[in-house]
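A.B. asks: take a look and give me a structure for this.
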Amino acid sequence: MGYNLDLPGFRERLFQRRIDYGSKTELNRCLTLFPLVVQGLAHMLGAGIFVITPSIVQTMAGPATCISYLVSGFAAALSVICYSDLAARYSCTGSAYVYTYFSLGEFAAAITGFFLIGELVIQAPMLTLGLADNIDTFLINGTVGAWQEANLPDWMLHTDLLAIAIMLVFMVINIVGIRAVSYLNIAIAAVSVTSLLIFCVTALIYGNVDNLSTVVNPADGRTGFAPYGINGIITGAGTAFFAFVGLESVVTLAEEAVNPKRDLPRATCGAFVIVLLLYVLTAFSIAYFQPWYELGGNTGLIGSLQKRGLPIPQYIVTAGLIFTVFSCGLCTLTTVVRVLYSIAEDGLIFSFLRTVNKVTQIPVWNVIVCSVVGVLGSIIYDFDTLSHMISGGTLSVFVITALAVIMLSFDVSEGYESITTEETPLTAQPRSDRRALFGIILSIFMVATIILAALIAFVPFTTTVIVFEVLLGVVGLACLVLIRLKIPLKRDETDGSLSFVSPGKPFVQGLSILVNLVLLFHLEVKALLQLAIYCGVGLVIYFGYGIFFSKVTEGKQKALKKETSTLGSQESIAD
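C.D. replies: Okay, here's the model as predicted:
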């Protein structure tokens, strides 16, 4: 009697999927709804308001930056719905990486995971550079910068010793444990919101309505509410997406939340609404307060108060900036550590990164590695390059997350062949006409949407182009309608067992994919190429290590060995 001893081949390994292993974890489940909301709030606030907003106002959108935030906020709201939908379904850490593993398979998950790591590891040094610049400029009168310029060699041009010190402080706090991070974030969130509201009130009292529309930039003659036009608003919206990176920081804490399937969707939505309102209000206030072209670099809010001779609001906002960006950087490191831990748990990256300290319940070596990479990033890159690179990673991950919702919400399970073991429950690829139909329709939709987004981003509007774009839009919409009519939703989508279900599936997700792709194509090509190179390094790690040590592959090997042993025993008995 013969039986199949073949292990998963190369193609099967690329597309194999993992499942949710339940609520068992080595991490410390101690976070309730309020600390989770604060985690998202702390991560998003420092990232955009104090560091990125002045740069967008000055170089991209002018006073229309508040519109840029509304545009990016609309696209982010679609992604919030997607993240909330998936968080209500799964309770394991890893964010978009693990959702992609469930839906698109191992290779796509590896790409998503390295995009996540890339965006977060890039974000951390960017925040420390911005924080160090403000501390040096407004608290110690440029002492550190002057010393570095006088004593450091030319090849250390981008090195900021204060930023490196801040990154090391982040490392130490994260090693202490998640409770320490949570308590610190709660205290800092109160300071952050208070300082922002004080700035907005000050700006509205001392500002001038002429700054919104009639001032003229003496350098190039630009004027008006949107001095860089619609294209500037869209470009600003793409960069403003950096502000919403913290959305995923909430869902990466799934294995440290007490009730993740209930609290993660609520925390994600709550943090997003609060942050969006603060961003729009602050962007409007800063443009109202000072001519948009006078804002400078990554010290814009404080610098504008300094120019107007308002010391008390300046010191309050300075304190708010320092505490807020500090908290944001701390949350960034917390998030990237959890994503890397999840990837290491699945065997796709080096196993020592998943080792958890029994006392603090923190993957300590993971924290150290991420901190060292963050330090190197602050040495190699400057602030502006890092800010563009992070938005590219965010938008890419949002596209993949929306696609994952579509993949995981519709029932294509007819004809599944299951292989299950006690160590690693697994499900083989299904063979069914329904799955084939779903794959074809979804592929056509993605091709049409990518082409449509590229046309919108790169090609000037003409009658011919508009007609072609409408046709592509109709094709994409028809594909979504076919999915909704021909492929049934899974049972848990309609039986009320999930705490959150996305409305309008798959149309909301399709719109999210289109909007995020348009914003992605508006970013600088140089920054996207740099991010692609970083991701390429990650793929080298996957093909050189992860594909051979994947836990899913190991589970299949154990299942085949068990099947072989069972069949061999039956054959001996028969003889």
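
A.B. asks: Ile483: how many residues sit nearby?
C.D. replies: 21 (other Cβ atoms under 10 Å). (Glycine included, C-beta is placed from N, CA and C.)

A.B. asks: quick check: it touching Leu442?
C.D. replies: Yes: if you go by Cβ atoms under 8 Å, Ile483 and Leu442 touch, sitting 7.0 Å apart.

A.B. asks: list residues touching both of those two?
C.D. replies: Ile406 (Cβ atoms under 8 Å, 6 or more residues apart in numbering).

A.B. asks: helix, strand, or coil at the residue lying closest to Val364 once chain neighbours are set aside?
C.D. replies: Once flanking residues are discounted, Val364 sits nearest to Asn357: 4.9 Å by Cβ to Cβ, 6 or more residues apart in numbering. Assigned with DSSP: H, G, I helix; E, B strand; the rest coil, Asn357 falls in the coil class.

A.B. asks: any idea how many residues pack against Asn357?
C.D. replies: Neighbour number of Asn357 under other Cβ under 10 Å is 14.

A.B. asks: got phi/psi on it?
C.D. replies: Backbone torsions of Asn357, given as degrees, to the nearest 10, read phi -70, psi 130.

A.B. asks: what's the answer for Gln16, then?
C.D. replies: phi -70, psi 150.

A.B. asks: can you check the pLDDT for it?
C.D. replies: With respect to pLDDT, Gln16 has a value of 85.

A.B. asks: could you list every helix and strand in contact with the helix ranked longest in the chain?
C.D. replies: The longest helix of the chain (DSSP state H) is helix 311-345. For helix 311-345, the elements it packs on are helix 33-48, helix 96-103, helix 106-138, helix 161-176, helix 178-206, helix 247-251, helix 300-307, helix 364-380, judged by 3 or more Cβ pairs under 8 Å, 6 or more residues apart in numbering; DSSP states H and E.

A.B. asks: try it again at 6 Å.
C.D. replies: On a contact count with 3 or more Cβ pairs under 6 Å, 6 or more residues apart in numbering; DSSP states H and E, helix 311-345 meets helix 33-48, helix 106-138, helix 161-176, helix 178-206, helix 300-307, helix 364-380.

A.B. asks: distance to Pro54 and mean neighbour count added to those helices, as CSV?
C.D. replies: Below are the helices and strands packed on helix 311-345 laid out as CSV (distance: least, Cβ to Cβ, whole Å; neighbours: other Cβ atoms under 10 Å):
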stretch, distance to Pro54, mean neighbour count
helix 33-48, 10, 26
helix 106-138, 10, 26
helix 161-176, 19, 19
helix 178-206, 12, 18
helix 300-307, 2, 22
helix 364-380, 20, 20
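
A.B. asks: next, format those helices as CSV and append distance to Ala436 and mean pLDDT.
C.D. replies: Output for the helices and strands packed on helix 311-345, formatted as CSV (distance: least, Cβ to Cβ, whole Å; pLDDT from 0 to 100):
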stretch, distance to Ala436, mean pLDDT
helix 33-48, 39, 80
helix 106-138, 19, 80
helix 161-176, 46, 86
helix 178-206, 44, 86
helix 300-307, 54, 77
helix 364-380, 40, 82
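
A.B. asks: so can I have JSON lines of those showing distance to Leu498?
C.D. replies: As requested, these are arranged in JSON lines below (distance: least, Cβ to Cβ, whole Å):
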{"stretch": "helix 33-48", "distance to Leu498": "17"}
{"stretch": "helix 106-138", "distance to Leu498": "22"}
{"stretch": "helix 161-176", "distance to Leu498": "32"}
{"stretch": "helix 178-206", "distance to Leu498": "26"}
{"stretch": "helix 300-307", "distance to Leu498": "41"}
{"stretch": "helix 364-380", "distance to Leu498": "31"}
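
A.B. asks: figure out which of these is closest to Ala87.
C.D. replies: Among the helices and strands packed on helix 311-345, helix 33-48 comes nearest to Ala87, with 10.2 Å by Cβ to Cβ.

A.B. asks: so is Pro460 in a helix, a strand, or just coil?
C.D. replies: Pro460 is classified as coil under three-state DSSP.

A.B. asks: how far away is it from Ile230?
C.D. replies: 12 Å (Cβ to Cβ, to the nearest Å).

A.B. asks: for these two, work out which one has more neighbours and name it.
C.D. replies: Under the neighbour definition other Cβ under 10 Å, Pro460 and Ile230 were set side by side, and Ile230 has more, 11 against 6.

A.B. asks: buried residues in the helix or strand hosting the more buried one, which are they?
C.D. replies: In the assignment (DSSP states H and E), Ile230 maps to helix 229-240. Buried residues in helix 229-240, counted by 16 or more other Cβ atoms under 10 Å: Gly232, Ile233, Ile234, Thr235, Gly236, Ala237, Gly238, Thr239, Ala240.

A.B. asks: so which of those residues is the closest to Ala448?
C.D. replies: Nearest member of the buried residues of helix 229-240 to Ala448, counting by Cβ to Cβ, is Ile234, at 20.7 Å.

A.B. asks: identify whichever of the helices and strands packed on helix 311-345 lies nearest to Gly329.
C.D. replies: Per Cβ to Cβ, nearest to Gly329 of the helices and strands packed on helix 311-345: helix 106-138, 4.1 Å.

A.B. asks: how far does the closest one sit from the chain's center?
C.D. replies: On the basis of Cα atoms, centre = their mean, to the nearest Å, helix 106-138 sits 10 Å off its chain's mean C-alpha point.

A.B. asks: same deal with stretch 472-483?
C.D. replies: 27 Å.

A.B. asks: swap in stretch 317-333?
C.D. replies: Counting by Cα atoms, centre = their mean, stretch 317-333 comes out at 18 Å from the chain centroid.

A.B. asks: please list the outside residues in contact with that stretch.
C.D. replies: Under the criterion Cβ atoms under 6 Å, 6 or more residues apart in numbering, residues 42-43, 45-47, 50, 120, 123-124, 127-128, 131, 134, 138, 170, 174, 185, 188, 191-192, 195, 199, 249, 301-302 lie in contact with stretch 317-333.

A.B. asks: cool, and stretch 234-241?
C.D. replies: Contacts with stretch 234-241, where a contact means Cβ under 6 Å, 6+ apart, come from 56, 60-61, 65, 68-69, 71-72, 391, 394-395, 519, 522-523.
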